[in-house]
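> Mind folding the following:
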Amino acid sequence: MPITSAAEANSSPNGTAPAILLELVDEQGNTIGTAEKLAAHQAPGQLHRAFSVFLFDEQGRLLLQRRALGKYHSPGVWSNTCCGHPYPGEAPFTAAARRTFEELGISPSLLAEAGTVRYNHPDPASGLVEQEFNHLFVGMAQAALRPDPEEVGETVFVTPDELTDLHGRAPFSAWFMTVLDAARPAVRELTGASGGW
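Numbers count the residues shown, from 1 in each chain. Reported below is the predicted structural model:
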């Protein structure tokens with residue numbers, strides 16, 4: 001399959017809004033094609049490449065974001081530090097660092113791969129489906145946040161106990177616990193056994 005650069009994949013020659021393309025994959029994570037972003041999320045969903053980032057501060061607290069109310073998918077819910085989709089042909093690591101900067105205004109420190117997880121999560125509120133082969137990353141947030149209000153409604157750093165409390169009283173993304181559980185071994189390695197993660 002020919003690889004298309006991010007600029008080519010997301011440009012429109014006639015001036016209309018550019019189509020955002022996602023990379024479709026098989027069950028082993030091998031690229032098999034592309035699909036338009038919204039179409040890939042419509043039921044029953046098409047398996048596509050994604051990434052999830054978990055950043056921590058020096059105290060071992062996890063940075064969460066509440067997704068902006070204007071987002072088409074899972075608006076207003078809490079989720080991990082950053083998540084998204086690589087452009088076709090873009091390395092997941094590159095996409096994770098790029099998108100973290102775009103959404104939160106920081107470049108992650110010590111960003112490291114933390115495995116992959118495959119899931120199928122319907123979102124009852126929107127009817128959209130997350131069929132994703134998700135690349136996980138952990139790292140540190142060591143600069144002042146400058147969130148983009150069109151992407152991020154709110155941010156908070158939480159301890160494990162604070163996360164449990166927030167998760168019990170506020171809505172979270174359908175995929176949050178799946179990706180957090182899959183990333184826990186790398187999270188514990190980053191934060192140390194005393195972090196409680």
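> got a list of what residue 27 touches?
47, 118, 133 (C-beta atoms under 8 Å, 6 or more residues apart in numbering). Quick note: C-beta positions are derived from backbone N, CA and C, even for glycine.
> which among those residues gets closest to residue 65?
residue 133 (22.2 Å; C-beta to C-beta).
> Counting neighbours, what do you get for the closest one?
For residue 133, the neighbour count with other C-beta atoms under 10 Å is 22.
> ok, then the element right after the strand or helix carrying it?
Here residue 133 is covered by strand 129-140, with elements defined by DSSP states H and E. Remark: after strand 129-140, the chain's next helix or strand is strand 152-158, criterion DSSP H and E.
> what packs against that next one?
strand 62-67, helix 92-104 (3 or more C-beta pairs under 8 Å, 6 or more residues apart in numbering; DSSP states H and E).
> would you list these in a markdown table and tack on mean neighbour count?
Shown next, in a markdown table, are the helices and strands packed on strand 152-158 (neighbours: other C-beta atoms under 10 Å):
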| stretch | mean neighbour count |
| --- | --- |
| strand 62-67 | 23 |
| helix 92-104 | 20 |
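> how about these, which one is nearest residue 36?
Using C-beta to C-beta, the nearest of the helices and strands packed on strand 152-158 to residue 36 is helix 92-104, at 17.5 Å.
> May I have the strands that pair with the longest strand anywhere in the chain, each with its orientation?
Looking across the chain with DSSP state E, the single longest strand is strand 109-122. Take DSSP bridges as the rule and strand 109-122 pairs in its sheet with strand 129-140 (antiparallel).
> partners of the spatially most central residue of the chain in the sheet?
In the chain, the centroid-proximal residue (C-alpha atoms, centre = their mean) is residue 83; its distance is 1.1 Å. Counting by DSSP bridges, residue 83 forms beta bridges with residue 52.
> My guess is it contacts residue 55. True?
No - judged on C-beta atoms under 8 Å, residue 83 makes no contact with residue 55 at a distance of 11.9 Å.
> and residue 18, which of the three is it?
At residue 18 the chain is in coil, as set by DSSP: H, G, I helix; E, B strand; the rest coil.
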